[in-house]
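Participant: below are the sequence and a predicted model for it; my questions follow.
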Amino acid sequence: MASTAVKNSTDTKTLKKPYQFRRFLDLQWSDLNCDLHMHTTWTDGKARVSDILQLSVQKGLSYVAFTEHVRKSTNWFPKFVQEVRSYTETYPQLRLLVGCEAKALDANGEFDVSEEILVECDLVLGSVHRFPNGQGGYINVSELTPKEFIQIEFELALGLLKFAPIDVLAHPGGMYSRLHDEFPAELMRELMKVSLERGIAIEINTYYLRNLPNFLELCAEVNPYVSIGSDVHRLEQLANCRDQLHELGVGVATP
């Protein structure tokens, strides 16, 4: 269960059960055989929890994590938790994880999630989705130069890694990658190094990455803890991350 105490940069985050992340160079097939970033009709996904579970069994997945978008004001989370956990006995071949994805609110690790939600989660994803302007609103990203865009996204992600009680940095550099180009390697390398210091997993997110092989080269260089996430919003995306990594020869060894 995720800690609810905001940690400072000198703390060492202890990876928690029920899911133990591995460092990139230690990945085996069993570590890839999961999808740890999924959204359902509870938020902006197109499939129900039950639909995803049925297909997960068909695809032979071992672990799945439902990581819905949340805010501090979210009040439906207990019902969502209840639904996911209600399937535990129905699908004994799957390990079901309850999680959330919350966005950064500033560069000091503040993110948009309540304490009540955090204590319910097996997995907490922190992400950069919008750029706060410090006045309760958001920056119009179309007015930013690419250099400004990169710097803001980097600082928000760094704040999550250094100070927030997260287990995973979701789609690092993903906003810039979606709207512009590949996130600069030197800054991604720095994020990976900081994530390793705190024992936080960097997400391999095949929905956002522009150049998966380049990202994997950085992973091999820094060897951070990694999380496997397809960022599922539609059923056909399920296990995409696992399958793409397997095709590239990642984690081919058996336990």
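Facilitator: Cool, got the structure.

Participant: now do the residue lying farthest from the centre of the chain, the pLDDT please.
Facilitator: Distance from the centre of the chain peaks at Glu143, with 27.4 Å (C-alpha atoms, centre = their mean). Listed pLDDT for Glu143 reads 94.

Participant: distance of it from Ser127?
Facilitator: Using C-beta to C-beta, to the nearest Å, we find Glu143 at a distance of 22 Å from Ser127. All C-beta spots, glycine's among them, are computed from the backbone N, C-alpha and C.

Participant: please tell me I have it right and Ile200 contacts Pro165.
Facilitator: No: counting by C-beta atoms under 8 Å, Pro165 is not a contact partner of Ile200; they are 9.8 Å apart.

Participant: just for this structure, where's the confidence low?
Facilitator: 1-18, 253-255 (pLDDT under 70).

Participant: look through it and tell me its longest strand.
Facilitator: Longest strand of the chain, by residue count under DSSP state E: strand 95-103.

Participant: moving C-terminal of that one, what's the next helix or strand?
Facilitator: Going down the chain from strand 95-103, the next helix or strand is helix 115-118, by DSSP states H and E.

Participant: counting by contacts, list what that following helix packs against.
Facilitator: Counting by 3 or more C-beta pairs under 8 Å, 6 or more residues apart in numbering; DSSP states H and E, the packing neighbours recorded for helix 115-118 are strand 95-103.

Participant: what sits up against the strand it packs on?
Facilitator: For strand 95-103, contacts defined as C-beta atoms under 8 Å, 6 or more residues apart in numbering pick out 18-19, 36-37, 39, 53, 62-71, 77, 80-81, 84-85, 87-88, 111-113, 117-118, 120-130, 170.

Participant: pull out the buried members of those.
Facilitator: Buried members of the contacts of strand 95-103, counted by 16 or more other C-beta atoms under 10 Å: 19, 36-37, 39, 53, 62-70, 77, 80-81, 84, 111-113, 117-118, 120-129, 170.
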